[in-house]
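Student: task: produce atomic coordinates for the following.
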Amino acid sequence: MAELVCVGAIAGAFGVNGEVRLKSFTADPQAIAGYGPLATEDGARTFEVTLGRPVKGGFAAHLSGVHTKEDADALRGVQLFAPRDRLPDLPDDEFYHADLIGLEVFDTGGAALGRIKAVHNHGADDLLEIHGPGLRNTVLLPFTRAAVPTVDLGAGRIVADPPDGLFPNADEG
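Tutor: Okay, here's the model as predicted:
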């Protein structure tokens, strides 16, 4: 099965005719309709997407097989995925979140800090959620050029220069 990348999510019903409120996670929000059919994470359902007008938080959209408000409501919170090979290539300094998850994290001295568990975005810069041995809790590292000077997808690793105090036992050597 092709590697899947989350490109959007259904925020619930929009109106009474089976439309959904669709949140797009793509750089060009309207491009989401061109990556279809989109699938649920488990691949159990696929949908052709027809975008309607922009609405608060996304688009009013028709999904194939969704005909009633109840059908649309039942999909609230469902994430939609596209095969990685349908997405455009990115410039060298941009990355799909799916490409970062699982990468090993090392500090600038070569010491292992952990592995990327997830990538979060709460409106500002992305945050890398890192877990690993010696970490009581996961650590959120800003995904900025200053904090992450090197991303090497081929080697499956990033080099981090975290702010002081962010990683226990990583400070001062």
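
Student: packing partners for the helix or strand bottoming out on mean pLDDT in the chain?
Tutor: In the chain, no helix or strand scores lower on mean pLDDT, DSSP states H and E than helix 97-100, which sits at a mean of 86. When contacts are defined as 3 or more Cβ pairs under 8 Å, 6 or more residues apart in numbering; DSSP states H and E, helix 97-100 sits against strand 4-13, strand 112-121. From N, CA and C alone the C-beta is placed, and that goes for glycine too.

Student: how about the closest residue to Val5 other than its chain neighbours, what does it touch?
Tutor: Excluding the flanking residues, the one nearest Val5 by Cβ to Cβ, 6 or more residues apart in numbering is Ala98, at 4.6 Å. By Cβ atoms under 8 Å, 6 or more residues apart in numbering, the contact list for Ala98 reads Glu3, Leu4, Val5, Cys6, Arg84.

Student: again, only this time at 10 Å
Tutor: Glu3, Leu4, Val5, Cys6, Phe81, Arg84, Leu87, Val119 (Cβ atoms under 10 Å, 6 or more residues apart in numbering).

Student: tell me the helix or strand right after the top helix by length along the chain.
Tutor: Longest helix in the chain, counting residues (DSSP state H): helix 69-74. Using DSSP states H and E, the helix or strand that follows helix 69-74 in sequence is strand 79-83.

Student: got a list of contacts for that next one?
Tutor: 1-10, 22-26, 32, 34-43, 45-47, 49, 63, 98.

Student: can you select the buried ones from the residues you listed in ChimeraX?
Tutor: Provided next is the ChimeraX selection string for whichever of those are buried by 16 or more other Cβ atoms under 10 Å:
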select :4,5,7,8,9,10,22,23,24,25,26,32,35,36,38,39,40,45,47,49,63
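
Student: care to break the protein down by domain?
Tutor: 4-85, 97-160 (automatic domain parsing).

Student: most tightly surrounded among those domains?
Tutor: Mean neighbour count (mean count of other Cβ atoms under 10 Å) peaks for domain 4-85 among the domains of the chain, with a mean of 17.

Student: mean confidence score for that one?
Tutor: If you average the pLDDT over domain 4-85, you get 92.
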